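Asks: Would you be able to build a 3D model of this:
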Amino acid sequence: MNLVFQQRMQTLYQQFIAFDALQTERTQRYRNIEPESALFLAMQIRVQQSKKILEIGTSTGYSTLWLANAAQETQGQITTLEIEPDRTAQAQQYAQELGLDHVIDFRIGDAQAFLNNNLNHYDFILLDAERDAYVDYWNNLQHMLVPKRGILIVDNVISHAAEVQEFIALVQSDARFITTTLSVGAGLFLVCCR
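Replies: Numbering: from 1, shown residues only. Now for the predicted structure:
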């Protein structure tokens, strides 16, 4: 990870935070992942040597860029899903600027529709979208992890604990998976196959 990348990411994060502070409606905010969480995710991809990566919730691409920077080193490929075309366009612009667009497959559309029609397996999945859909997503996500080494990471599980409580209970009740919560950023919930 080079200094130019780190400096650009710091600048972008400050711009996104400033934008969010001016928004009165939650859905208008970018709601990007915290830098410490993004760094953790990028480290996890490197340690695990993840090749097939799925991100649900691109927003303006802050986390996507961190994932792509790591995937570039592992010869990996990211598929990232976002329902808002304008936010995807922003993310694509930043990816091109940083020379990371060749490792990212940007998809615009409903995540549930993508999950319902996807038969791929992933080494690494980041879930950072509308939390009220997570329980429904789980029906597909549980089958999309590469057996024995796939990992799912869910953001905002401490900051929005009540909103993900049902999802976490559902996952924890499945004996096929091991879980833990880390107090990194807004809270990361890690799920891996036994």
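Asks: Give me the nearest residue to residue 52, chain neighbours excluded.
Replies: residue 122 (4.7 Å; C-beta to C-beta, 6 or more residues apart in numbering). Yep, even glycine has a C-beta here, placed from its N, CA and C like the rest.
Asks: In this structure that neighbour contacts residue 147, no?
Replies: No - if you go by C-beta atoms under 8 Å, residue 122 and residue 147 don't touch, sitting 11.4 Å apart.
Asks: Look at those two and report which has more neighbours.
Replies: residue 122 (22 against 10; other C-beta atoms under 10 Å).
Asks: Tell me who's in contact with that one.
Replies: 52, 53, 54, 144, 145, 146, 150 (C-beta atoms under 8 Å, 6 or more residues apart in numbering).
Asks: Look up phi and psi at the first one.
Replies: When you say that, I think you mean residue 52. phi -110, psi 120 (degrees, to the nearest 10).
Asks: which residues does it bridge with?
Replies: residue 77 (DSSP bridges).
Asks: what's the pLDDT at it?
Replies: We have a pLDDT of 98 for residue 52.
Asks: okay, now it: neighbour count?
Replies: 18.
Asks: chain center to stretch 85-92: distance?
Replies: 15 Å (C-alpha atoms, centre = their mean, to the nearest Å).
Asks: Ok, stretch 18-36 next?
Replies: Distance, centroid of stretch 18-36 to centroid of chain: 16 Å (C-alpha atoms, centre = their mean).
Asks: Tell me which residues are up against that stretch.
Replies: 9-10, 13, 16, 41, 59-60, 62-63, 66, 87, 128, 155, 184-186.
Asks: Report the buried residues of that stretch.
Replies: 29, 30, 31, 32, 33, 34, 35 (16 or more other C-beta atoms under 10 Å).
Asks: Point me to the residue sitting closest to the centre of the chain.
Replies: residue 126 (3.3 Å; C-alpha atoms, centre = their mean).
Asks: Other residues contacting the helix or strand where that residue lies?
Replies: Residue 126 belongs to strand 124-127 when assigned by DSSP states H and E. Residues from elsewhere that reach strand 124-127 (C-beta under 8 Å, 6+ apart): 41, 44-45, 48, 50, 52-57, 63, 67, 134, 137, 141, 144-145, 150-155.
Asks: what sits against residue 65?
Replies: Taking C-beta under 8 Å, 6+ apart as the test, what residue 65 contacts is 9, 12, 91, 94, 95, 98, 100.
Asks: Show only the entries of these found in strands.
Replies: The strands, defined by DSSP state E, take in nothing from those.
Asks: Looking at pLDDT only, which of those residues scores worst?
Replies: Among the contacts of residue 65, residue 12 has the weakest pLDDT, 89.
Asks: For the residue lying closest to it once chain neighbours are set aside, give me its contacts.
Replies: Leaving out its chain neighbours, the residue that sits closest to residue 12 by C-beta to C-beta, 6+ apart is residue 62, at 6.1 Å. For residue 62, the contact set (C-beta under 8 Å, 6+ apart) comprises 9, 12, 13, 16, 30, 32, 33, 38.
Asks: rerun at 10 Å
Replies: 9, 12-13, 15-16, 30-35, 38, 90-91, 94 (C-beta atoms under 10 Å, 6 or more residues apart in numbering).
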